[in-house]
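**Q** model this:
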Amino acid sequence: MVTKKDQFILAISRPRRITFKLTSLFILFILIVIKLFDVLAKPNPPAMPNEMYLTISLILVVYLWIAESIDVQKYREAENELINAEKRIKNDQINTVASLILTQEAKDPYYRGHSTRVTQYAMLIARKLGLSRAELDVLERAAILHDIGKIGISDILLTKVEKLTSQEMDEIRRHVELSDLILKPLQFLKNERVFIRQHHERYDGKGYPDKLRNEEILLGSKILAISDFYDAVSSDRPYRKALSQKAIIEELQKNRGIQFDPQLADLLLGIIEKEPQVLRQIAESAR
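**A** Residues are numbered from 1 along each chain as shown. A predicted model of the protein is given here:
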């Protein structure tokens with residue numbers, strides 16, 4: 001386990017060592033220069049003592065440079081080990097949370113593979129938008145974790161075939177805030193939490209939980225929203241069969257600029273028209 005003490009020691013140790021080494025080198029350099037001027041100023045300098053003095057000084061300089069090089073290498077190895085340890089811990093924590101989602105989805109054949117498919121749809125859209133590797137990584141983690149809050153919602157409600165009451169709808173919508181609450185202790189997922197909290201907001205401001213609209217909604221959240229929508233309407237649900245591609249296209253066109261960002265709606269419409277085989281592969285691979 002990487003502790004705050006480990007991080008503190010690494011943070012302060014190298015600057016202090018470097019300061020010590022540079023100070024020592026500077027002093028030696030000054031001494032060499034002074035002695036050299038002293039030697040050159042004398043008409044008949046004593047050969048051996050001055051040569052020995054300069055030789056010893058140079059040996060010390062070389063020794064300090066070698067010691068510094070070894071020290072730098074050790075520091076880099078320790079720093080890399082710390083970084084790798086932090087990555088392993090973060091990945092373990094993410095995998096633990098993701099396993100809870102997969103366990104939740106495994107209870108219901110209608111939702112099985114949902115988070116995996118949403119992640120792949122989101123990655124497909126994000127790459128076409130030219131997002132950076134760092135932005136893709138954040139979005140990928142947010143997508144796989146976006147429904148973690150559903151572990152706090154009754155299975156009876158999540159699998160109910162009959163029409164939900166307004167109170168039941170409010171309870172299901174609470175999963176967004178539960179997701180935010182569950183992930184809050186994982187401070188390194190700060191950006192992912194924002195994406196997840198906003199992924200049920202609408203372009204027209206009629207979404208939930210914060211009634212955000214248009215530019216107030218982050219791009220990553222908009223991508224999650226339309227990816228989540230596509231998987232929902234293209235999959236069977238307890239209360240209906242999957243919609244046809246024609247019906248999905250009509251829904252996207254109808255909600256362009258209302259529920260969804262117009263640019264993302266147009267992008268997904270283009271994928272449906274030109275790359276239907278890619279969408280089929282994603283759907284089939286995560287069933």
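**Q** Would you map the helices across this structure?
**A** 4-41, 47-106, 114-128, 133-145, 155-158, 166-173, 175-183, 190-198, 219-233, 245-255, 262-274, 276-285 (DSSP state H).
**Q** Quick check, central residue of the protein?
**A** Val138 (3.3 Å; C-alpha atoms, centre = their mean).
**Q** Report the separation between that one and Arg213.
**A** Distance of Val138 to Arg213, computed by C-beta to C-beta, to the nearest Å: 22 Å. Where you see a C-beta, it was placed from the backbone N, CA and C, and this is true even at glycine.
**Q** go on, Lys160?
**A** Separation of Lys160 from Arg213 (C-beta to C-beta) stands at 30 Å.
**Q** Likewise for Ser166?
**A** 22 Å.
**Q** Have a look at those two and say which one is more surrounded.
**A** Between Ser166 and Arg213, counting by other C-beta atoms under 10 Å, Arg213 is the more crowded of the two (14 against 7).
**Q** wouldn't that one be in contact with Asp204 here?
**A** Yes: here Arg213 lies in contact with Asp204, judged by C-beta atoms under 8 Å, at a distance of 6.2 Å.
**Q** quick one: buried residues of stretch 224-243?
**A** By 16 or more other C-beta atoms under 10 Å, the buried positions in stretch 224-243 come out as 224-231, 233-235.
**Q** May I see these organised as TSV, with distance to Leu252 and pLDDT added?
**A** Shown next, in TSV, are the buried residues of stretch 224-243 (distance: C-beta to C-beta, whole Å; pLDDT from 0 to 100):
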residue	distance to Leu252	pLDDT
Leu224	16	98
Ala225	12	98
Ile226	8	98
Ser227	12	98
Asp228	13	97
Phe229	8	97
Tyr230	8	97
Asp231	13	96
Val233	9	95
Ser234	11	95
Ser235	16	91
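**Q** between the residues you listed, which is nearest Asn84?
**A** Leu224 (29.3 Å; C-beta to C-beta).
**Q** For the nearest residue to the closest one once chain neighbours are set aside, give me its contacts.
**A** Leaving aside its chain neighbours, Leu224 sits nearest to His199 (3.9 Å; criterion: C-beta to C-beta, 6 or more residues apart in numbering). His199 is in contact with 142, 146, 176, 221, 224-225, 228, counting by C-beta atoms under 8 Å, 6 or more residues apart in numbering.
**Q** I'd like those laid out as TSV, including distance to Gly113.
**A** Below are those laid out as TSV (distance: C-beta to C-beta, whole Å):
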residue	distance to Gly113
Ala142	18
His146	14
Val176	21
Ser221	22
Leu224	16
Ala225	19
Asp228	13
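**Q** Around Gln259, how many other residues sit close by?
**A** Gln259: 19 neighbours (other C-beta under 10 Å).
**Q** Next: Gln253.
**A** 11.
**Q** now stretch 116-136: how far from the chain's centre is it?
**A** 12 Å (C-alpha atoms, centre = their mean, to the nearest Å).
**Q** Report the buried residues of that stretch.
**A** So for stretch 116-136, counting by 16+ other C-beta under 10 Å, buried means 116-126, 131, 136.
**Q** pLDDT wise, what is the closest residue to Lys90 other than its chain neighbours at?
**A** Closest residue to Lys90 apart from its sequence neighbours, by C-beta to C-beta, 6+ apart: Phe188 at 5.7 Å. The per-residue pLDDT reported for Phe188 equals 86.
**Q** do the same with the one 3 residues further on
**A** Asn191 is assigned a predicted lDDT (pLDDT) of 94.
**Q** show me what contacts it?
**A** 138, 142, 220.
**Q** and what of Lys184?
**A** Counting by C-beta under 8 Å, 6+ apart, Lys184 makes contact with Arg193.
**Q** so what's the residue nearest to the centre of the chain up against?
**A** Val138 neighbours (C-beta under 8 Å, 6+ apart): 191-192, 195, 220.
**Q** Which of the residues you listed has the largest number of neighbours?
**A** When neighbours are counted by other C-beta under 10 Å, Phe195 leads the contacts of Val138 with 26 neighbours.
**Q** Surely that one touches Leu145?
**A** No: shown here, Phe195 and Leu145 do not form a contact pair, counting by C-beta under 8 Å, at 9.3 Å.
**Q** hang on, the earlier thing: any idea how far the residue nearest to the centre of the chain lies from Arg197?
**A** Where Arg197 is concerned, Val138 sits at a distance of 14 Å (C-beta to C-beta).
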